[in-house]
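[1] here is my input; please provide its structure:
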Amino acid sequence: MFLLLLVLVFIIILCILTVVFLSVHVKRQLSSLQYPFKEFQKHRQNHNATNYTTTKKQGKRCIIIGGSFGGLLTAKTVSPHFNEVYVFEQNQYQENKSVVQHGNQTHVFFNRVSIVLECLFPGLTQLLKEKNGFFSNFNQTIIYFGGNEPVDLNKKDLDYEAFGVSRNFLEYHMRSMLKKENHNITFFENSKVIDLIWKNQDNDNNKNNEKQVIGVKIEEEGKQISADLVIDCGGVNSSTIHWLNKQLNLTIPISKVSVPLNYLTCVYKLKDPKKPFRKVNENEKWYIARMSKIPIHAGVGMYRIEEDKAFFTAYELGKNCEFSKIKSNEALKEYLREKKYDKSFEEVCDLYFDVVDENQMIVDWNHYKKDGSVYKHFETISKTHQLKGFLAFGDSVCSLNPLYGQGTTAEAECAMWLDFYLREKSIEETSFYSDYQKKLFDIYSFVWIMATLSDLSFEETKGSNWWYRK
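    Alright, predicted model coming up:
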């Protein structure tokens, strides 16, 4: 009995010490992530889009692979620090279009990402408003169906302005601002980067395993473009990890949690832009979401976006989803009934088509698939090599399940820290690269754990090395 009591006391003490250790660790991590935020705001507010004459120059040219949201953020962040910034995009730029397949998807931007965007792009918020982007007090305009009854999320900590826009709308206006205000940024479309260029080094005398990227090779006639810094913003399908593995004779670890996620979306014009989807306690509701019970495996939602349009989405986890066959509201409702989802799912569908003009379809029914979350451990390179001249950014490092809505916020954090390191360090230092990639690990670790723990609750989920390595 005494021995059993002793073991029990030991276990309790061990649990307490574990909780204390984790609390201190998490607090330290959160503190480190918060550190540059106010400094970032202060620094950016003191420098408008063209006043960078006092900023330290890091080099002559920076090359960015990928011209989507992450590439645009990065271009703006690095432009004060280089004489030239080249953005290479493999697709063609089109007016009011994103360069990615899921450009029709809607983003609702909350407080932190809105602040970072406005600091990087002074005047962007006002421009989006002038172009009829939809802004509202998020606290007052969202209604969420967590169960059978609607829940009005009327909380003080959500009492801030948010805006809902399609990725097409946002990226087009970000790109337009860059072209107008940052004359050292050049965009190259239909330009696919097919490899990195490396500095020739004497392997016999290279005791520290130093390697340096000095440019990129373009598909067009194998043209080579030199650069002092190359940043990969090419997204989850970027090939840079394979090029690095080959050159460095490495196998950079990849963490992956596979869960089939299917989206079905469409966009229509509103019948009456002044008439809200619902009204609760005199508050106009413009965001409505209905999700299945935890673990969340399906849902529907409707959101007002730019130019008096309304976005509708349905999503479902699983290989047996048949969204690709659905081309109408009635077909979707029939599908929901067959799957025996709650009736409130159908109510959201009917509500959407009550408020939109079915004769003014903007985007036809569109099926989009995403396979869970992927993290590429670029931070492990520093264990064996001193790599210079190359950084991986945003979705090229970690592509998250979009169901949890953390992707653009995480990329904004990546941009904020890139700004911090460019001001505080030199790209001539090896630690510039290793420290930045480790910082991205810190940024993504929290959202990764939250997202993957939820995904792992589904039977169809497959994980490989899903926990983090250091």
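[2] residue 393 contacts residue 234, correct?
    No: in this structure, residue 393 is not within contact of residue 234 by CB atoms under 8 Å, at 9.2 Å. No exception for glycine: its C-beta is placed from N, CA and C like everyone else's.
[3] in stretch 324-337, what counts as buried?
    326, 329, 332, 333, 335, 336 (16 or more other CB atoms under 10 Å).
[4] now those in JSON lines, with secondary structure?
    Formatted as JSON lines, those follow (DSSP: H, G, I helix; E, B strand; the rest coil):
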{"residue": "326", "secondary structure": "coil"}
{"residue": "329", "secondary structure": "helix"}
{"residue": "332", "secondary structure": "helix"}
{"residue": "333", "secondary structure": "helix"}
{"residue": "335", "secondary structure": "helix"}
{"residue": "336", "secondary structure": "helix"}
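[5] closest to residue 398 out of the residues you listed?
    Proximity of the buried residues of stretch 324-337 to residue 398, judged by CB to CB, is greatest for residue 326, which lies at 30.8 Å.
[6] sorry, back to before: can you tell me which of the buried residues of stretch 324-337 is nearest residue 297?
    residue 336 (13.0 Å).
[7] pLDDT and distance to residue 368 added to the buried residues of stretch 324-337, as a markdown table?
    Putting these into a markdown table (pLDDT from 0 to 100; distance: CB to CB, whole Å) gives the following:
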| residue | pLDDT | distance to residue 368 |
| --- | --- | --- |
| 326 | 91 | 13 |
| 329 | 91 | 18 |
| 332 | 92 | 15 |
| 333 | 91 | 20 |
| 335 | 91 | 16 |
| 336 | 89 | 18 |
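[8] in JSON lines, list these along with distance to residue 426.
    Shown next, in JSON lines, are the buried residues of stretch 324-337 (distance: CB to CB, whole Å):
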{"residue": "326", "distance to residue 426": "54"}
{"residue": "329", "distance to residue 426": "58"}
{"residue": "332", "distance to residue 426": "55"}
{"residue": "333", "distance to residue 426": "60"}
{"residue": "335", "distance to residue 426": "57"}
{"residue": "336", "distance to residue 426": "57"}
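[9] what ranges do the strands span in the stretch 201-350 of the chain?
    210-218, 224-226, 229-232, 254-270, 278-280, 283-285, 287-291, 298-305, 309-317 (DSSP state E, counting those that start in this stretch).
[10] okay but residue 380 is in contact with residue 254, surely?
    No: Residue 380 is beyond contact range of residue 254, at 10.5 Å (criterion: CB under 8 Å).
[11] show me which of the two is the more surrounded one.
    residue 380 (19 against 12; other CB atoms under 10 Å).
[12] wasn't the more buried one part of a strand?
    No: read with three-state DSSP, residue 380 is helix and lies in no strand.
[13] distance check, it against residue 434.
    Between residue 380 and residue 434 the computed distance is 10 Å (CB to CB, to the nearest Å).
[14] secondary structure class for residue 62?
    Going by three-state DSSP: residue 62 is strand.
[15] spatially nearest residue to residue 58, not counting backbone neighbours?
    Nearest non-adjacent residue to residue 58, counting by CB to CB, 6 or more residues apart in numbering: residue 81, 4.3 Å away.
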